[in-house]
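Asks: Predicted model follows, preceded by the sequence.
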Amino acid sequence: MKIALDNIAQILRKITGLLEELEEAYFTARQSALALFVNLGNLLAGLSISSALEQLRTHPWVFRIYPQVLGTRGILTGIFSARTSTGLHLGSINSSLRRNTRYFYSLVSTMLVLASLSALMIYILFSISTLYISVDIYTVVYTTIAAVSPFSLFFISFIAFQVFRKKLDPDILLYPSSSVLNDVIISLVFVGVVRAIILQATTFLLALTVVFMALFSALGFYTFYYGQKDVFLTTLKEGGLALFIGLSIELGTGIVLSELLKAGGIAKIAILYPVMLSVLGSSTSIIGSMLTTRISTGEFDFSISSLKRFSQNILGLQAASVTFHGALSIIASILVEDFSCLEFFALSYLSHILGFIVMIPVVFLTAYITYRKGLDPDNFINPIQSSIADLVETISILVVAKSILR
């Protein structure tokens, strides 16, 4: 009798443990679904590129730097989102725009300096890789990034504080929602600036670039002398390294994108490309942000048991991902003629799952290396994974598109 009761008790404990694990997967799936569906807004980014496709194709350099401009969004948004989310959990950032900590304001200022630095990196990497020097290209890159960055930081902060106040998890909701709006705005601004360059408005844009450079430089000096110097220097050093690594990877993404636009179904790919990139980026950023927070709070230590617990979040995320791609395939078939729901679901989800399988080890490996080296994983995981995710997803789309698009 006692043995039977012990067996029953053991079975009940296993069932209880399983239900607790499934509850965590359900919690992640529910919030991830909300975060992923926000990516539908990136159809506007795709439409902005598609509408100007013929005009932009006369300037091949546009498609070489577009992934890098988008990648800068991913890198800077990734750093700021992860640092803000972790700061809210640890109490070093308050959930208020007006009355916040010196740490928060120093972080915001440093991000604007990094935005300025990213434009210079993009131009240098492009010039070295193509042996082509042009003031127009630097003006396009700098004006686009500088114009979008202040708005982006404000929006990320606002969303983070609202989510945290409502006792939701900013690790899940913050990056996807903010990155989508950034993608839309940066794509619209990018296309507008390129068109202005084509219409010979270089002088005005160059003057605007000089103004932005002066403002961001002054802000950097002020933060260095009157803000939290350690936050400024650490973020600039580690964030700058993450930028260089990420933008070097995005350079390869631009080359693959040029090949992708030769694969057939150009209009289809142009409209849907930003969505597909952002979905993989959002998915891996959710995992990355949750991972960095759990490392900071001591809930994750790279043991087998902590990996097993964390896998429930991955399961919940993919459940939400299948639902999202089903809805996206329906909308895509309405927007694009001669493109069936099944055809697009195959293109979008197959390329996504291929990319996701590659990216998960990358996220965990980056977290492990930065953790062991004593670096801040918030400065590396999301920035590096977002750049690698762009390249991996672009290659995945190219492979799948050549198989199913004619």
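Replies: Structure received. Numbers count the residues shown, from 1 in each chain.

Asks: and residue 378, what does it touch?
Replies: Counting by C-beta atoms under 8 Å, 6 or more residues apart in numbering, residue 378 makes contact with 79, 82, 83, 86, 292. Bear in mind the C-beta positions are built from the backbone N, C-alpha and C, glycine included.

Asks: which of those residues lies closest to residue 209?
Replies: Nearest to residue 209 out of the contacts of residue 378 is residue 79 (C-beta to C-beta; 23.1 Å).

Asks: what's around the closest one, how many residues?
Replies: Neighbours of residue 79 under the rule other C-beta atoms under 10 Å: 28.

Asks: Next one: it relative to residue 382, how far apart?
Replies: Noted for residue 79: a distance of 7 Å to residue 382, by C-beta to C-beta, to the nearest Å.

Asks: elements contacting the helix or strand encompassing residue 342?
Replies: Secondary structure assigned from DSSP states H and E places residue 342 in helix 341-373. Helix 341-373 is packed against helix 266-296, helix 304-335, helix 381-404, with contacts defined by 3 or more C-beta pairs under 8 Å, 6 or more residues apart in numbering; DSSP states H and E.

Asks: repeat that with 10 Å
Replies: helix 229-260, helix 266-296, helix 304-335, helix 381-404 (3 or more C-beta pairs under 10 Å, 6 or more residues apart in numbering; DSSP states H and E).

Asks: Indicate which one of the ones you listed is closest to residue 351.
Replies: Between these, helix 381-404 lies closest to residue 351; by C-beta to C-beta that is 3.9 Å.

Asks: count of residues packed around residue 72?
Replies: 31.

Asks: where does it fall, phi/psi-wise?
Replies: Note on residue 72: its backbone torsions stand at phi -60, psi -40 [degrees, to the nearest 10].

Asks: Check residue 199 too.
Replies: phi -90, psi 10.

Asks: same question, residue 168
Replies: With angles defined as degrees, to the nearest 10, residue 168 sits at phi -90, psi 170.

Asks: That one: how many residues sit nearby?
Replies: Neighbourhood size, residue 168 [other C-beta under 10 Å]: 14.

Asks: how near is it to residue 36?
Replies: Between residue 168 and residue 36 the computed distance is 15 Å (C-beta to C-beta).

Asks: try residue 194
Replies: Taking C-beta to C-beta as the measure, residue 194 falls 30 Å from residue 36.

Asks: who's more crowded, the two?
Replies: A count of neighbours by other C-beta under 10 Å puts residue 36 above the other of residue 194 and residue 36, at 25 against 22.

Asks: List the contacts of the more buried one.
Replies: 172, 176, 180, 278-279, 282-283, 286, 317, 320-321, 323-325, 327-328 (C-beta atoms under 10 Å, 6 or more residues apart in numbering).

Asks: Which single one of those residues is nearest to residue 59?
Replies: Nearest to residue 59 among those, with distances taken as C-beta to C-beta, is residue 278, at 24.2 Å.

Asks: Return the residues in contact with residue 42.
Replies: Shown in contact with residue 42 (C-beta under 10 Å, 6+ apart): 179-184, 187, 271-279, 282, 328.
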